[in-house]
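**Q** Pasting the sequence and the predicted model now:
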Amino acid sequence: FVKDELHGKVAFKTHFGEENNRNFISADLMKPLVLELDATFVETNVLYVSKRRYTESHIKLARDHGFNYAPIDILDSKGDTIINVKTANFDKIYTGKNFFNYDSYVIFSHFKGHGSAGFGGAIKNISMGLASIHGKMAMHASDIPQVKPSKCVSCGICVKECPVDAITLNPLKIDKDKCIGCAKCIGECPVEAFSIPWGSTSERVFLERLVEYAQVLSSQKKMVYVNVLANISRSCDCVRHTPKPFMEDIGILVSTDLVAIEKASHDLVDKKCNCDDAFVKAGNPSGKFQIQYAYDLKMGNINYQLINIDK
(Lines give C-alpha, C1' and ligand atoms only; values in the text may rest on other atoms or scores of the structure.)
Protein backbone atom coordinates (compact mmCIF):
# COMPACT_ATOMS: atom_id res chain seq x y z
CA PHE A 1 0.00 0.00 0.00
CA VAL A 2 2.68 2.51 1.02
CA LYS A 3 4.80 1.84 -2.06
CA ASP A 4 1.81 2.19 -4.38
CA GLU A 5 1.03 5.65 -3.03
CA LEU A 6 4.53 7.05 -3.52
CA HIS A 7 6.57 8.12 -6.52
CA GLY A 8 10.01 9.39 -7.39
CA LYS A 9 12.65 10.08 -4.77
CA VAL A 10 11.28 9.08 -1.36
CA ALA A 11 12.07 10.80 1.94
CA PHE A 12 11.46 8.83 5.13
CA LYS A 13 10.74 11.22 8.01
CA THR A 14 11.15 9.68 11.44
CA HIS A 15 12.57 10.62 14.85
CA PHE A 16 16.05 9.34 15.69
CA GLY A 17 15.58 9.74 19.45
CA GLU A 18 17.38 12.08 21.80
CA GLU A 19 20.56 10.93 23.53
CA ASN A 20 19.70 8.55 26.42
CA ASN A 21 16.08 8.28 25.25
CA ARG A 22 14.89 4.68 25.20
CA ASN A 23 11.30 5.05 23.98
CA PHE A 24 11.90 6.07 20.36
CA ILE A 25 10.81 3.55 17.74
CA SER A 26 13.53 1.05 16.88
CA ALA A 27 15.30 1.53 13.58
CA ASP A 28 14.86 -2.20 12.93
CA LEU A 29 11.07 -1.84 12.79
CA MET A 30 11.17 0.43 9.75
CA LYS A 31 14.17 -1.15 8.03
CA PRO A 32 12.29 -3.43 5.56
CA LEU A 33 10.11 -0.52 4.39
CA VAL A 34 13.00 1.94 4.08
CA LEU A 35 15.04 -0.53 2.02
CA GLU A 36 12.05 -1.52 -0.14
CA LEU A 37 11.42 2.14 -0.96
CA ASP A 38 15.13 2.90 -1.43
CA ALA A 39 14.35 5.88 0.80
CA THR A 40 16.52 8.48 2.49
CA PHE A 41 16.05 9.25 6.17
CA VAL A 42 15.28 12.95 6.63
CA GLU A 43 15.23 15.13 9.73
CA THR A 44 15.87 18.73 10.74
CA ASN A 45 18.04 20.07 13.53
CA VAL A 46 16.36 20.91 16.83
CA LEU A 47 15.84 24.29 18.49
CA TYR A 48 17.36 23.47 21.86
CA VAL A 49 21.04 22.71 22.48
CA SER A 50 21.86 19.00 22.23
CA LYS A 51 23.63 16.64 19.82
CA ARG A 52 20.58 16.95 17.57
CA ARG A 53 21.10 20.72 17.20
CA TYR A 54 24.18 20.27 15.02
CA THR A 55 24.21 18.30 11.76
CA GLU A 56 27.38 16.26 12.30
CA SER A 57 26.56 15.11 15.84
CA HIS A 58 22.89 14.66 14.88
CA ILE A 59 23.81 12.17 12.16
CA LYS A 60 26.29 10.39 14.43
CA LEU A 61 23.62 9.97 17.12
CA ALA A 62 21.21 8.59 14.52
CA ARG A 63 23.82 6.05 13.40
CA ASP A 64 24.49 5.12 17.03
CA HIS A 65 20.74 4.52 17.45
CA GLY A 66 20.70 2.05 14.58
CA PHE A 67 19.72 4.24 11.63
CA ASN A 68 22.77 3.09 9.70
CA TYR A 69 21.33 1.24 6.70
CA ALA A 70 20.17 4.21 4.58
CA PRO A 71 21.40 7.72 3.75
CA ILE A 72 20.55 10.52 6.20
CA ASP A 73 19.72 14.05 5.04
CA ILE A 74 19.39 16.80 7.65
CA LEU A 75 17.15 19.00 5.55
CA ASP A 76 18.19 22.33 7.05
CA SER A 77 21.92 21.56 7.17
CA LYS A 78 22.40 24.14 4.38
CA GLY A 79 19.86 26.65 5.67
CA ASP A 80 16.22 27.57 5.19
CA THR A 81 13.71 27.54 2.40
CA ILE A 82 10.92 30.08 2.90
CA ILE A 83 7.37 29.33 1.73
CA ASN A 84 5.17 32.43 1.55
CA VAL A 85 1.71 31.70 2.95
CA LYS A 86 -1.31 33.32 4.52
CA THR A 87 -2.53 31.45 7.61
CA ALA A 88 -4.02 32.69 10.87
CA ASN A 89 -0.56 32.86 12.47
CA PHE A 90 2.00 33.01 9.65
CA ASP A 91 2.93 34.74 6.45
CA LYS A 92 6.09 32.67 6.07
CA ILE A 93 6.91 29.01 6.71
CA TYR A 94 10.55 28.03 7.27
CA THR A 95 11.59 24.52 6.26
CA GLY A 96 14.95 23.00 5.39
CA LYS A 97 16.60 23.97 2.11
CA ASN A 98 16.61 20.29 1.05
CA PHE A 99 12.87 19.77 1.58
CA PHE A 100 12.04 20.13 -2.11
CA ASN A 101 14.71 17.64 -3.17
CA TYR A 102 12.23 14.79 -2.64
CA ASP A 103 9.09 13.80 -4.53
CA SER A 104 7.26 11.85 -1.81
CA TYR A 105 7.39 11.57 1.97
CA VAL A 106 6.68 8.76 4.40
CA ILE A 107 5.80 10.39 7.73
CA PHE A 108 6.69 7.58 10.13
CA SER A 109 5.60 8.81 13.55
CA HIS A 110 5.83 7.53 17.10
CA PHE A 111 2.42 8.31 18.59
CA LYS A 112 3.11 9.29 22.20
CA GLY A 113 2.69 12.12 24.68
CA HIS A 114 4.20 15.59 24.51
CA GLY A 115 4.52 18.11 27.33
CA SER A 116 3.36 21.12 25.29
CA ALA A 117 1.32 19.61 22.45
CA GLY A 118 -0.48 16.99 24.57
CA PHE A 119 0.49 14.30 22.11
CA GLY A 120 2.87 14.02 19.20
CA GLY A 121 1.86 12.12 16.09
CA ALA A 122 1.90 12.76 12.35
CA ILE A 123 0.91 16.43 12.60
CA LYS A 124 3.81 17.22 14.89
CA ASN A 125 6.21 15.01 12.92
CA ILE A 126 5.48 17.12 9.84
CA SER A 127 5.36 20.56 11.43
CA MET A 128 8.06 20.54 14.08
CA GLY A 129 9.89 17.70 12.34
CA LEU A 130 10.25 19.37 8.93
CA ALA A 131 10.58 22.97 10.10
CA SER A 132 14.03 24.51 10.19
CA ILE A 133 15.34 25.93 13.46
CA HIS A 134 13.86 29.31 12.51
CA GLY A 135 10.51 27.61 11.94
CA LYS A 136 10.65 25.75 15.24
CA MET A 137 11.30 29.05 17.02
CA ALA A 138 8.34 30.63 15.18
CA MET A 139 6.01 27.89 16.44
CA HIS A 140 7.26 27.78 20.01
CA ALA A 141 7.98 31.40 20.83
CA SER A 142 6.18 34.73 20.82
CA ASP A 143 9.22 36.63 22.00
CA ILE A 144 12.92 36.97 21.23
CA PRO A 145 15.46 34.64 22.90
CA GLN A 146 16.03 35.19 26.60
CA VAL A 147 19.44 36.55 27.58
CA LYS A 148 21.58 35.84 30.66
CA PRO A 149 24.25 38.58 30.68
CA SER A 150 25.93 37.07 33.75
CA LYS A 151 26.93 34.04 31.66
CA CYS A 152 28.44 36.07 28.83
CA VAL A 153 32.23 35.85 28.36
CA SER A 154 32.30 38.49 25.59
CA CYS A 155 33.71 36.05 23.02
CA GLY A 156 31.79 37.84 20.27
CA ILE A 157 30.60 34.68 18.48
CA CYS A 158 26.95 35.69 18.76
CA VAL A 159 27.66 39.15 17.34
CA LYS A 160 29.51 37.63 14.40
CA GLU A 161 26.86 34.99 13.70
CA CYS A 162 23.73 37.14 14.08
CA PRO A 163 22.43 37.71 10.52
CA VAL A 164 20.80 41.07 11.35
CA ASP A 165 23.32 42.63 13.77
CA ALA A 166 20.80 42.57 16.61
CA ILE A 167 23.26 41.61 19.39
CA THR A 168 25.58 43.87 21.37
CA LEU A 169 27.97 43.11 24.23
CA ASN A 170 28.92 44.65 27.56
CA PRO A 171 26.23 44.08 28.64
CA LEU A 172 24.87 41.31 26.44
CA LYS A 173 21.66 42.51 24.80
CA ILE A 174 19.36 41.72 21.84
CA ASP A 175 17.69 44.57 19.98
CA LYS A 176 14.07 43.44 19.87
CA ASP A 177 13.30 45.64 16.86
CA LYS A 178 16.06 44.00 14.81
CA CYS A 179 15.73 40.36 15.94
CA ILE A 180 14.09 38.07 13.38
CA GLY A 181 13.75 35.07 15.71
CA CYS A 182 16.10 32.78 13.81
CA ALA A 183 17.46 31.42 17.14
CA LYS A 184 20.97 31.09 15.75
CA CYS A 185 22.40 32.69 18.88
CA ILE A 186 20.95 29.90 21.04
CA GLY A 187 22.99 27.27 19.23
CA GLU A 188 26.15 29.29 18.62
CA CYS A 189 26.82 30.58 22.15
CA PRO A 190 29.46 28.37 23.85
CA VAL A 191 28.23 29.23 27.37
CA GLU A 192 24.46 29.08 26.68
CA ALA A 193 23.82 32.72 27.51
CA PHE A 194 20.76 32.64 25.23
CA SER A 195 17.71 30.46 25.76
CA ILE A 196 14.31 29.69 24.27
CA PRO A 197 11.51 31.82 25.77
CA TRP A 198 9.40 28.84 26.82
CA GLY A 199 5.93 29.87 27.94
CA SER A 200 5.76 32.97 25.75
CA THR A 201 3.09 31.33 23.56
CA SER A 202 -0.33 30.21 24.78
CA GLU A 203 -1.24 26.55 24.55
CA ARG A 204 -3.97 27.16 21.96
CA VAL A 205 -1.81 29.32 19.71
CA PHE A 206 1.03 26.80 19.87
CA LEU A 207 -1.31 24.05 18.66
CA GLU A 208 -2.65 26.30 15.91
CA ARG A 209 0.89 26.95 14.74
CA LEU A 210 1.73 23.25 14.74
CA VAL A 211 -1.26 22.47 12.57
CA GLU A 212 -0.70 25.39 10.18
CA TYR A 213 2.89 24.31 9.56
CA ALA A 214 1.65 20.79 8.90
CA GLN A 215 -1.04 22.12 6.56
CA VAL A 216 1.43 24.03 4.42
CA LEU A 217 4.16 21.40 4.31
CA SER A 218 1.83 18.46 3.67
CA SER A 219 0.30 20.35 0.75
CA GLN A 220 3.69 20.64 -0.98
CA LYS A 221 4.43 16.92 -1.43
CA LYS A 222 2.70 13.56 -1.62
CA MET A 223 2.73 12.07 1.89
CA VAL A 224 1.78 8.73 3.42
CA TYR A 225 1.34 8.55 7.18
CA VAL A 226 2.38 5.72 9.48
CA ASN A 227 1.65 6.02 13.22
CA VAL A 228 3.28 3.53 15.58
CA LEU A 229 1.29 3.11 18.80
CA ALA A 230 4.00 1.57 20.96
CA ASN A 231 6.21 2.64 23.86
CA ILE A 232 3.51 5.19 24.72
CA SER A 233 4.64 7.42 27.56
CA ARG A 234 3.63 10.98 28.42
CA SER A 235 6.90 12.38 27.01
CA CYS A 236 8.31 13.08 23.58
CA ASP A 237 11.31 11.25 22.09
CA CYS A 238 13.17 14.58 22.42
CA VAL A 239 13.36 14.05 26.19
CA ARG A 240 16.62 12.52 27.38
CA HIS A 241 15.15 10.53 30.25
CA THR A 242 11.61 9.46 29.38
CA PRO A 243 9.18 7.86 31.80
CA LYS A 244 8.14 4.28 31.25
CA PRO A 245 5.18 3.63 28.90
CA PHE A 246 1.85 3.85 30.70
CA MET A 247 0.08 1.21 28.59
CA GLU A 248 0.76 -1.84 26.46
CA ASP A 249 1.57 -1.48 22.76
CA ILE A 250 -1.45 -1.23 20.44
CA GLY A 251 -0.20 -1.52 16.86
CA ILE A 252 0.56 0.41 13.69
CA LEU A 253 -1.80 2.56 11.60
CA VAL A 254 -1.28 3.58 7.97
CA SER A 255 -3.27 6.15 5.99
CA THR A 256 -3.13 8.84 3.34
CA ASP A 257 -5.49 10.97 5.48
CA LEU A 258 -3.67 13.04 8.09
CA VAL A 259 -6.70 13.89 10.21
CA ALA A 260 -8.16 10.40 10.17
CA ILE A 261 -4.95 8.70 11.30
CA GLU A 262 -4.49 11.15 14.18
CA LYS A 263 -8.12 10.75 15.28
CA ALA A 264 -7.99 6.96 15.05
CA SER A 265 -4.68 6.82 16.93
CA HIS A 266 -5.95 8.98 19.79
CA ASP A 267 -9.23 7.03 19.95
CA LEU A 268 -7.35 3.74 20.24
CA VAL A 269 -5.10 5.07 23.00
CA ASP A 270 -8.12 6.45 24.89
CA LYS A 271 -9.95 3.15 24.48
CA LYS A 272 -6.96 1.25 25.83
CA CYS A 273 -6.81 3.67 28.76
CA ASN A 274 -10.60 3.53 29.24
CA CYS A 275 -10.72 7.31 29.55
CA ASP A 276 -11.62 10.46 27.59
CA ASP A 277 -8.01 11.61 27.10
CA ALA A 278 -5.16 9.27 28.02
CA PHE A 279 -2.52 11.97 27.79
CA VAL A 280 -4.40 14.31 30.12
CA LYS A 281 -4.70 11.43 32.55
CA ALA A 282 -0.93 10.93 32.23
CA GLY A 283 -0.33 14.57 33.16
CA ASN A 284 -0.20 16.44 29.85
CA PRO A 285 -2.50 19.14 28.47
CA SER A 286 -5.03 17.92 25.94
CA GLY A 287 -3.77 17.96 22.37
CA LYS A 288 -7.09 17.08 20.75
CA PHE A 289 -7.44 20.61 19.40
CA GLN A 290 -4.73 19.63 16.87
CA ILE A 291 -7.16 17.16 15.32
CA GLN A 292 -10.18 19.47 15.35
CA TYR A 293 -8.24 22.43 13.94
CA ALA A 294 -6.75 20.27 11.17
CA TYR A 295 -10.26 19.11 10.30
CA ASP A 296 -11.52 22.71 10.30
CA LEU A 297 -8.70 23.58 7.88
CA LYS A 298 -9.91 20.75 5.60
CA MET A 299 -6.72 18.74 5.99
CA GLY A 300 -8.60 15.44 6.20
CA ASN A 301 -11.60 13.55 7.51
CA ILE A 302 -12.71 13.29 11.12
CA ASN A 303 -14.51 10.02 10.34
CA TYR A 304 -12.58 6.87 9.54
CA GLN A 305 -12.85 3.11 9.13
CA LEU A 306 -10.29 0.77 10.66
CA ILE A 307 -9.34 -2.20 8.48
CA ASN A 308 -7.43 -4.85 10.43
CA ILE A 309 -5.01 -6.44 7.98
CA ASP A 310 -3.93 -9.00 10.60
CA LYS A 311 -7.29 -10.68 10.03
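**A** Happy to help now that I have it. Numbers count the residues shown, from 1 in each chain.
**Q** Now for the residue of the chain positioned farthest from its centre: which residues touch it?
**A** Most distant from the centre of the chain: Asn170, at 35.8 Å, with distances by Cα atoms, centre = their mean. Listed by Cβ atoms under 8 Å, 6 or more residues apart in numbering, the contact set of Asn170 reads Ser154. (Each C-beta comes from the backbone N, C-alpha and C, glycine too.)
**Q** and what of Lys60?
**A** Lys51.
**Q** Mind listing what's buried along the helix or strand containing it?
**A** Per DSSP states H and E: Lys60 is located in helix 55-64. Residues of helix 55-64 classed as buried: Thr55, His58, Ile59, Leu61, Ala62 (neighbour count, 16 or more other Cβ atoms under 10 Å).
**Q** Next one: the third one relative to Arg52, how far apart?
**A** In this view, Ile59 and Arg52 are 10 Å apart by Cβ to Cβ, to the nearest Å.
**Q** Mind jotting down where the strands sit in the chain?
**A** Remark: strands assigned in the chain by DSSP state E are 10-13, 40-43, 72-74, 80-84, 92-96, 104-110, 112-114, 118-120, 146-147, 167-168, 173-174, 194-195, 222-229, 251-255.
**Q** For Asn101, see how far away the nearest residue to His114 once chain neighbours are set aside is.
**A** Closest residue to His114 apart from its sequence neighbours, by Cβ to Cβ, 6 or more residues apart in numbering: Gly120 at 4.1 Å. Counting by Cβ to Cβ, the gap from Gly120 to Asn101 is 25 Å.
**Q** Quick one: neighbours of the closest residue to Ile144 other than its chain neighbours, just the number.
**A** Distances taken as Cβ to Cβ, 6+ apart place Cys179 nearest to Ile144, at 4.4 Å, with adjacent residues excluded. Applying other Cβ atoms under 10 Å, we find 17 residues neighbouring Cys179.
**Q** same check, this time on Pro197
**A** Burial of Pro197 is recorded as 16 neighbouring residues (other Cβ under 10 Å).
**Q** re earlier: for Gly120 and Asn101, indicate the residue with more neighbours.
**A** A direct count of neighbours by other Cβ under 10 Å for Gly120 and Asn101 places Gly120 higher, at 28 against 13.
**Q** what is the more buried one paired to in the beta sheet?
**A** Bridge pairing for Gly120 (DSSP bridges) gives the partners Lys112.
**Q** For this protein, which segments count as helices?
**A** Under the criterion DSSP state H, the chain contains helices at 2-5, 27-37, 55-64, 122-130, 133-140, 157-161, 184-188, 203-218, 258-273, 278-281, 289-296.
**Q** Of all those helices, which one comes closest to Asn303?
**A** Taking Cβ to Cβ, helix 258-273 is the member of those nearest to Asn303, at 7.4 Å.
**Q** angle of that closest one against strand 104-110?
**A** Comparing the axes of helix 258-273 and strand 104-110 via axes from the mean of the first three to the mean of the last three Cα atoms, to 10 degrees yields an angle of 20 degrees.
**Q** Show me what counts as buried in helix 258-273.
**A** By neighbour count on 16+ other Cβ under 10 Å, the buried set for helix 258-273 is 258-266, 268-270, 272-273.
**Q** Likewise for stretch 81-95?
**A** For stretch 81-95, burial by neighbour count (16+ other Cβ under 10 Å) applies to Thr81, Ile83, Thr87, Asn89, Phe90, Ile93, Tyr94, Thr95.
**Q** what is the mean pLDDT for that stretch?
**A** On average, the pLDDT along stretch 81-95 is 98.
**Q** contacts for it?
**A** Identification of contacts with stretch 81-95 by Cβ under 8 Å, 6+ apart yields 44, 75-76, 80, 96-97, 99-100, 130-132, 134-135, 138, 205, 208-209, 212-213, 215-217, 220.
**Q** Endpoint to endpoint, it covers what distance?
**A** Using Cα to Cα, to the nearest Å, the gap from the first to the last residue of stretch 81-95 comes to 5 Å.
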